[in-house]
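Undergrad: prediction below, plus the sequence it came from.
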Amino acid sequence: MHVEVELDEPKCVAAGQCVLAAPDVFDQRDEDGVAVLLDDRPGPALLDDVKEAAALCPAAAIRLVER
Amino acid sequence: MRRIVVVGASAAGLAAAETLRREGYDGTLTLIGDELLLPYDRPPLSKQFLTGQWESGRLALRDTADLHALGLDLRLGTTATGLDTTARAVRLANGATVPYDGLVIATGVRPRRLPSENTHVLRTLHDALALRERLGHGRRLLVVGAGFLGAEVAATASALGTSVTLFEPAAVPLAQVVGTEVGQVFARAHREHGVNLRTGVTVSRVTEVGVSLSDGEFVEGDEVLVAVGSRPNTEWLADSGLTVDDGLVCDAYCQAAPDIYAAGDVARWHNPLFATTMRIEHRTNATEQAMAAARNLLAAPEARKPFAPVPYFWSDQYDMKIQAYGYLRGHDEVAVVEGDLRERRFVVAYRTGDRLTGVLGVGVTPKTLRGWRQALTSGTPWHEVPRVNGTGTPPTVESTATGVPR
């Protein structure tokens, strides 16, 4: 069982909330600020940060799926 | 605490409910919303949804499975009409009451209207649907108010081929918020994109076929959108004993009264980072504040945390992505600190008192703006804010010890 992060790029509004909450998992593209996944299977140590990022996203563009 | 009621089922209400569950609350959780729809996102209503690029399904904030997993007592199409803080119960329009041990108020705002019929406002999905079917080539849209909402709709509608006239009583749109120079940048963008921006004019009357201006002129149009700000939905709290003053008044913990918290557009709270009370109608604040309020509601009194965010908003207009951090209203001074206003690629900084209190950027990289956000968080004194030099080239700043960006 692990958590996979899904990012709905077209929904992203480039607010950067995810980068502030989980800088090890998310970054933003320089040209348009759209979020970039650095790690789509973050380990347990990062899970709280990633959940916070998904909750904070103002476009509901981040989804966590348990597999 | 075994019964928590959240009133308001939009971004803030949903975030409060989710946070309560995430923090381990497993009692009854009632979410009350006056719209019939599952929680959906509003910013796209003036952007991707208005263009027709997105359909309503794209607006859902959570899918039904995720909502189901929250185990909510979800009451949609239900309006809260009163609050009895002694009996600890919310009164509903249908006469029923919902008892609570803890309450989160997230009833948001509604558009201000003008005394006229057959005009559009834009707050709900329903509003956006009504407006978007009236846009396009050969149609004339009159937008009353050139704030962020009016400006976004003007941009979207003109991109669809609509002939747009935008009326603004101030000499420069948004000058009160972003300053005159930046407001002029936005004004120029409207005009370059063929929007007829008319500043310094007051709309005195709206009819089905156009608007009357206070100097007597009549401007014809097919549709009128009134975008003149909003009012907090606090009328239902009138007899509650809670303090209402342009929003529900809360302390730094977002608490309005014992076991009653507020979040989102409706909440006026004391932000200790800026040492002032504020009510913020920004999308990101709805979520952040709801998460903070929910956590404080569950926390032991000594474990509660003040809600001290750096506010953030964005606006998409034409080719500009406008982003701002901080609290711009009531600023004393604006300075260009990076780039060039004429190129629509810049950062401006705002001074209130003797410190940096806000930044606004257009066309700059996320890292640049995050650096400035950090400078806001650390309360940078104004005299330490680096300025652009006379040629419009950003300064090279090595110092990070003061919290000033690279």
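TA: Received it, and whenever you're ready, just let me know what you need. Numbers count the residues shown, from 1 in each chain, chains lettered A, B, ... in the order given.

Undergrad: do a quick rundown of the helices in the chain.
TA: If you meant another chain, say so; for now it's chain A. A:17-21, A:47-56 (DSSP state H).

Undergrad: chain B is the one I meant
TA: Using DSSP H, the helices of chain B run over residues B:11-22, B:48-51, B:64-69, B:125-132, B:148-159, B:175-178, B:180-192, B:283-298, B:366-377.

Undergrad: turn those helices into a markdown table, including mean pLDDT.
TA: Compiled in a markdown table, those are given as follows (pLDDT from 0 to 100):
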| stretch | mean pLDDT |
| --- | --- |
| helix B:11-22 | 98 |
| helix B:48-51 | 97 |
| helix B:64-69 | 96 |
| helix B:125-132 | 98 |
| helix B:148-159 | 98 |
| helix B:175-178 | 95 |
| helix B:180-192 | 98 |
| helix B:283-298 | 98 |
| helix B:366-377 | 94 |
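
Undergrad: could you dump the ones you listed to a markdown table with distance to chain A and mean neighbour count?
TA: Glycine gets a C-beta too; all of them are placed from N, C-alpha and C. Formatted as a markdown table, the helices of chain B follow (distance: least, Cβ to the nearest Cβ, whole Å; neighbours: other Cβ atoms under 10 Å in any protein chain shown):
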| stretch | distance to chain A | mean neighbour count |
| --- | --- | --- |
| helix B:11-22 | 6 | 26 |
| helix B:48-51 | 9 | 20 |
| helix B:64-69 | 8 | 12 |
| helix B:125-132 | 15 | 17 |
| helix B:148-159 | 13 | 25 |
| helix B:175-178 | 18 | 19 |
| helix B:180-192 | 18 | 19 |
| helix B:283-298 | 5 | 25 |
| helix B:366-377 | 4 | 20 |
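
Undergrad: would you turn those helices into JSON lines with distance to residue B:107?
TA: Formatted as JSON lines, the helices of chain B follow (distance: least, Cβ to Cβ, whole Å):
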{"stretch": "helix B:11-22", "distance to residue B:107": "8"}
{"stretch": "helix B:48-51", "distance to residue B:107": "23"}
{"stretch": "helix B:64-69", "distance to residue B:107": "20"}
{"stretch": "helix B:125-132", "distance to residue B:107": "17"}
{"stretch": "helix B:148-159", "distance to residue B:107": "19"}
{"stretch": "helix B:175-178", "distance to residue B:107": "24"}
{"stretch": "helix B:180-192", "distance to residue B:107": "31"}
{"stretch": "helix B:283-298", "distance to residue B:107": "12"}
{"stretch": "helix B:366-377", "distance to residue B:107": "29"}
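
Undergrad: among the helices of chain A, which is the most enclosed?
TA: helix A:17-21 (a mean of 22; mean count of other Cβ atoms under 10 Å in any protein chain shown).

Undergrad: does chain B have contacts with it?
TA: Yes. Residues of helix A:17-21 contacting chain B under Cβ under 8 Å from any Cβ of the partner chain: A:17, A:19-20.

Undergrad: which residues are contacting that helix?
TA: The contact list for helix A:17-21 (Cβ atoms under 8 Å, 6 or more residues apart in numbering or on different chains) reads A:25-28, A:35, A:49-50, A:52-54, A:56-58, A:62, B:284, B:312, B:366, B:370.

Undergrad: for residue B:206, which non-adjacent residue is spatially closest?
TA: residue B:116 (3.7 Å; Cβ to Cβ, 6 or more residues apart in numbering or on different chains).

Undergrad: per-residue pLDDT, that neighbour?
TA: Residue B:116 is assigned a predicted lDDT (pLDDT) of 81.

Undergrad: where's the residue of chain A found nearest chain B relative to residue A:34, distance?
TA: As assessed by Cβ to the nearest Cβ, chain B sits closest to residue A:28 within chain A, at 3.9 Å. Residue A:28 is 7 Å from residue A:34, where distance means Cβ to Cβ, to the nearest Å.

Undergrad: with residue B:55 instead?
TA: 21 Å.

Undergrad: again with residue B:319
TA: When residue B:319 is compared with residue A:34 (using Cβ to Cβ), they lie 16 Å apart.

Undergrad: of the two, who's got more company?
TA: Neighbour count, other Cβ atoms under 10 Å in any protein chain shown: between residue B:319 and residue A:34, residue A:34 has more, with 16 against 12.

Undergrad: so what's the more buried one up against?
TA: A:9, A:12, A:14, A:28.

Undergrad: now the two most distant members of the residues you listed.
TA: Using Cβ to Cβ, the two most remote members of these are A:9 and A:28, lying 11.5 Å apart.

Undergrad: so the two - more neighbours on which side?
TA: With neighbours defined as other Cβ under 10 Å, residue A:9 and residue A:28 compare such that residue A:28 has more, 21 against 11.

Undergrad: residues in contact with the residue nearest to that one when sequence neighbours are not counted?
TA: Leaving aside its chain neighbours, residue A:28 sits nearest to residue B:366 (3.9 Å; criterion: Cβ to Cβ, 6+ apart). Neighbour list for residue B:366: A:14, A:16, A:19, A:28-30, A:33 [criterion: Cβ under 8 Å, 6+ apart].

Undergrad: quick check: residue A:25 vs residue A:41, distance?
TA: Taking Cβ to Cβ as the measure, residue A:25 falls 10 Å from residue A:41.

Undergrad: okay, and the common contacts of the two?
TA: Contacts common to residue A:25 and residue A:41, judged by Cβ under 8 Å, 6+ apart, are residue A:5.

Undergrad: who has more neighbours, the two?
TA: Taking other Cβ under 10 Å, residue A:25 and residue A:41 do not tie; residue A:25 has more neighbours (24 against 12).

Undergrad: wait, residue B:23 sits on residue B:296?
TA: No. In this structure, residue B:23 is not within contact of residue B:296 by Cβ atoms under 8 Å, at 10.4 Å.

Undergrad: by contact count, what packs against the worst-scoring helix or strand of chain B on mean pLDDT?
TA: In chain B, the helix or strand scored least confidently by mean pLDDT, DSSP states H and E is strand B:203-207, which has a mean of 91. Packing partners of strand B:203-207 (3 or more Cβ pairs under 8 Å, 6 or more residues apart in numbering or on different chains; DSSP states H and E): strand B:210-213.

Undergrad: which parts of chain A sit against chain B?
TA: A:11, A:13-17, A:19-20, A:28-33, A:51, A:55-56, A:58-60.
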